[in-house]
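Trainee: sequence and predicted structure are below.
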Amino acid sequence: MKNKILLIGGVGAGKTTLKQRLLQESLTYRKTQVIDFKGLFIDCPGEYIQIPTYYRVLIDASHRVSEVWALQDATNKRSPYPPKFANVFNKKTVVGIVTKLDREDADTSVAERYLQQAGFADPLHIISAKEGIGLEPLILRLEALMKKD
């Protein structure tokens, strides 16, 4: 098993922005069209969690990683995750991440509840990748994972 991280979340949840911030890349928005297997992250298009037919692709991709990071946009009034979805990632470390903390319309308590219902409750991180807020624990996780290689 490779020491990689699978990033999942709805369209616009901030998966690519988080990846760029953690890898100290310039923040540029581009819609992820296909699964990106480059580097430490496997970055999935948001449609893969929003369209149940694609769940099998996420499950298959999870076999290539040691951790699954599930992002929930704090401005989104809906969750892309079905209840207990984290259970499909059998024996993987799953991490819940609430994004877009910096937005005025963010409701982190609702986003936290969505992740908890989906089983991505522990550990749970509330961040703004755009502003660099709350990233320290994720940076430490990433560094620890890189040392395992």
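Mentor: Done, it's in. Residues are numbered from 1 along each chain as shown.

Trainee: packing partners for the lengthiest helix in the chain?
Mentor: When the chain is parsed with DSSP state H, its longest helix is helix 136-148. Applying 3 or more CB pairs under 8 Å, 6 or more residues apart in numbering; DSSP states H and E, one finds that helix 136-148 contacts helix 15-22, strand 67-73, strand 93-99. Using the backbone N, CA and C atoms, a C-beta is placed for each residue, glycine as well.

Trainee: any idea of the pLDDT on the residue nearest to Thr32 when sequence neighbours are not counted?
Mentor: Leaving out its chain neighbours, the residue that sits closest to Thr32 by CB to CB, 6 or more residues apart in numbering is Pro45, at 4.8 Å. Per-residue pLDDT puts Pro45 at 95.

Trainee: so Pro45 touches Thr16, yeah?
Mentor: No: using CB atoms under 8 Å as the test, Pro45 is too far from Thr16 to be in contact (9.8 Å).

Trainee: overlap in contacts, those two.
Mentor: Thr32 (CB atoms under 8 Å, 6 or more residues apart in numbering).

Trainee: show me where the protein has helices.
Mentor: 15-22, 47-50, 55-62, 108-118, 136-148.

Trainee: how about the third one: buried residues?
Mentor: Under the neighbour-count criterion of 16 or more other CB atoms under 10 Å, helix 55-62 has 58, 61-62 buried.

Trainee: equivalent analysis for the second one, please.
Mentor: Neighbour counts over helix 47-50 (16+ other CB under 10 Å) mark 48-49 as buried.

Trainee: over to stretch 141-149?
Mentor: Buried-residue list, stretch 141-149, by 16+ other CB under 10 Å: 141-142, 145.
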